[in-house]
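[1] Sequence below, structure please.
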Amino acid sequence: MLRFPQLYKITQNAEGFNTKVFWGHCINALVHSLILFWFPMKALEHDTALASGQATDYLFVGNIVYTYVVVTVCLKAGLETTAWTKFSHLAVWGSMLIWLVFFGIYSTIWPTIPIAPDMKGQATMVLSSAHFWLGLFLVPTACLMEDVAWRAAKHTCKKTLLEEVQELETKSRVMGKAMLRDSNGKRMNERDRLLKRLSRKTPPTLFRGGSIQQCVPHGYAFSQEEHGAVTQEEIVRAYDTTKKKSRKK
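    Okay, here's the model as predicted:
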């Protein structure tokens, strides 16, 4: 982002989160909630008996739905993650595992600990149901299929500058090593390709000297007005970065 300050505009212009994006998330969440609730309800509406002879009840359906919610939310977080680390894996897969472990413990503590007698044996009932395991694969998949299709269509038809930079970084860890060719057959590296794309969106005055790095002022992703005695703007303006500072011994 220091090399290509245009990337700062994504946050400065609130492209990642605004009113349109907010209501889009709300509608998407509504669709997910309908799938997460009604799919298990329809699958169990005939009150299928378990192998033990017990019939299902509202707790059985509720625990199944909640498990599907946890799995869907974690996988959705994984889709939104752009940099996978060990902590990302721990958060996504660990959250699913922790819920199953907690569910198993919580359904067996009665009467050792007199809490929630209605939950006794629920984990055994749920985990022994074939409907649960089939739905564990189908329901989250049905929820996230919409998200994957939307992201794929958007990425194909209207690729953002950030996505193009991410693709370039994926192809080459160090930008400039992978050699490409432009429309005229002239060889150019990935950095030149990105600069060529930026030149179509940036006024020519910003490219004096042949380098966008020398001319485009670097922006700040935080507010410069904090209503203090001395504002952030005054502090920033006090330093003239165009002049070299003399070193004092």
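
[2] only C-alpha atoms for contact and neighbour calcs from this point on.
    Fine.

[3] what comes up buried for stretch 30-39?
    By neighbour count on 16 or more other CA atoms under 10 Å, the buried set for stretch 30-39 is 32, 35-37, 39.

[4] With respect to residue 86, which of those is nearest?
    The nearest member of those to residue 86, counting by CA to CA, is residue 32 at 27.7 Å.

[5] What is the subsequent helix or strand relative to the helix or strand where that closest one lies?
    Assigning secondary structure by DSSP states H and E places residue 32 in helix 19-43. Next helix or strand after helix 19-43 toward the C-terminus (DSSP H and E): helix 58-80.

[6] what's that following helix in contact with?
    Helix 58-80 is contacted from outside by 36-37, 40-41, 44, 88, 92-93, 95-96, 99, 119, 122, 125-126, 132, 136, 139-140, 143-144, using CA atoms under 8 Å, 6 or more residues apart in numbering.

[7] need the next SSE after it, C-terminal direction.
    helix 86-106.

[8] what angle separates that following helix from helix 58-80?
    180 degrees (axes from the mean of the first three to the mean of the last three CA atoms, to 10 degrees).

[9] coming back round to it: of the contacts of helix 58-80, keep whichever come out buried.
    Using 16+ other CA under 10 Å, the buried members of these are 36-37, 40-41, 44, 92, 95-96, 119, 122, 125-126, 132, 136, 139-140, 143-144.

[10] where does the protein have low pLDDT?
    47-49, 51-53, 172-232, 239-249 (pLDDT under 70).

[11] max-length helix in this protein?
    Longest helix in the chain, counting residues (DSSP state H): helix 130-157.

[12] Show me what counts as buried in it.
    So for helix 130-157, counting by 16+ other CA under 10 Å, buried means 131-132, 135-136, 139-140, 142-144.
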